[in-house]
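Colleague: Below is the sequence, then the predicted model.
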Amino acid sequence: MSYKILYVLIFLTVSTNAHAEIIASGNDCGENCSWTIDDKGVLTVSGTGDMKDYSDPEEWSRTYPRPWQSYNNTVKEIVIGEGITSVGTWAFKDFKALETLTLADSVKKIGMIAFDSATSLNKINMSENSQLESINWQAFSHDKALTSFVVPSAATNVGSAAFHDTDTIVVYCPESNTSCKANIGGSGLTIIRFTQEDGIYKIGEGEDAKYYASTEAMVLGEDCGSKCAQAKALSESGEPFVIDGKFYASLSDYVKRNYIKKRIYTVDEAEMLSKPTGNTFRMRYK
């Protein structure tokens, strides 16, 4: 019995220590916008509607105080939560320690210079349901650790110099997006155009075409080869089809069952995204 009690005490202690402690917070980043920073270096913006702009839209060099300014060299991750519809101009410029950015599907606009000179930023998380419409002037300029960016299908505007001076970066753009031009970046910019249909992303045409099960697979170069092409051709009749003795209801059914990998969230991710259940949390699949 004493061993069981000791085990419970250890578990409770570990679970309690795993929770991040809020070290700064405020409700002054928009009309219905609040923010927190925890002791693990995560800045989370929550609420609904637009964030404030921190520079004058007519004169971008005229800037306003940012409530999180003193943490610009310690914040490692920024999470823009569901319900927030825009990231304000100048909001996170010069966040030198920032490595990871997560944008909720509700975000429709990234303001001018919002993440300019975030020189350690190397990972941007957006779902394939992102409603991002506009990436404005110099939004990610001088972000030299950023090597790839997938423009969401909903986007209609990628502003000039949005990725200026990012060294070598590959920007994946929907074929229909006419704002993806050479002026969005510098000499190290490569633009790759893709089309998306029923869960499959395609780069190229004819025999040279390559098919991908997700934007992540597209960035990693993990194409699903001739099987995806075969499934796409078979699905065009609108009827279920068979490949390798298995029935599939549609092209998206084939892709989901064979190529979209699920992963378990890390402890930190699960803490952030899952509902607490006592001293534990539910592990969820992404």
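Modeller: Received it, and whenever you're ready, just let me know what you need. Please read these numbers as outputs of a predicted model, since none were measured by experiment.

Colleague: Roughly how far does residue 92 sit from residue 204?
Modeller: Residue 92 sits 36 Å away from residue 204, going by CB to CB, to the nearest Å. (Glycine included, C-beta is placed from N, CA and C.)

Colleague: Could you report the neighbour count for the nearest residue to residue 201 once chain neighbours are set aside?
Modeller: Among residues not flanking residue 201 along the chain, residue 212 sits closest, at 4.3 Å (CB to CB, 6 or more residues apart in numbering). Residues lying near residue 212 (other CB atoms under 10 Å) number 24.

Colleague: now do residue 50
Modeller: By other CB under 10 Å, the residues close to residue 50 number 20.

Colleague: before we move on, back to that, quick check: the residue nearest to residue 201 touching residue 197?
Modeller: No. At 11.8 Å, residue 212 does not count as touching residue 197 under the criterion of CB atoms under 8 Å.

Colleague: And residue 92 and residue 204? Which one has more around it.
Modeller: residue 92 (26 against 14).

Colleague: Confirm that that one sits in a strand.
Modeller: No. Applying DSSP: H, G, I helix; E, B strand; the rest coil, one finds residue 92 to be coil, outside a strand.

Colleague: That one and residue 195: what is the separation?
Modeller: 32 Å.

Colleague: now do residue 205
Modeller: Separation of residue 205 from residue 195 (CB to CB) stands at 9 Å.

Colleague: Neighbour count: these two, which is higher?
Modeller: Each of residue 205 and residue 195 has its neighbours counted (other CB under 10 Å); residue 195 has more, 15 against 8.

Colleague: what about that one, which SS state?
Modeller: Quick answer, by three-state DSSP: residue 195 is strand.

Colleague: hang on, it packs against residue 209?
Modeller: No. The pair residue 195 and residue 209 does not pass the contact test of CB under 8 Å, sitting 9.5 Å apart.

Colleague: neighbours of residue 243, just the number please.
Modeller: Neighbours around residue 243, by other CB under 10 Å: 13.

Colleague: what pairs with the helix or strand where residue 102 lies, and is each one parallel or antiparallel?
Modeller: Taking DSSP states H and E as the criterion, residue 102 maps to strand 100-103. The pairing partners recorded for strand 100-103 under DSSP bridges are strand 77-80 (parallel), strand 123-125 (parallel).

Colleague: Quick one: these as CSV, columns for mean pLDDT, distance to residue 182 and mean neighbour count too.
Modeller: Formatted as CSV, those follow (pLDDT from 0 to 100; distance: least, CB to CB, whole Å; neighbours: other CB atoms under 10 Å):
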stretch, mean pLDDT, distance to residue 182, mean neighbour count
strand 77-80, 98, 28, 23
strand 123-125, 96, 21, 14
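
Colleague: which one of those lies closest to residue 27?
Modeller: Comparing those by their distance to residue 27 (CB to CB), the top pick is strand 77-80, with 15.8 Å.
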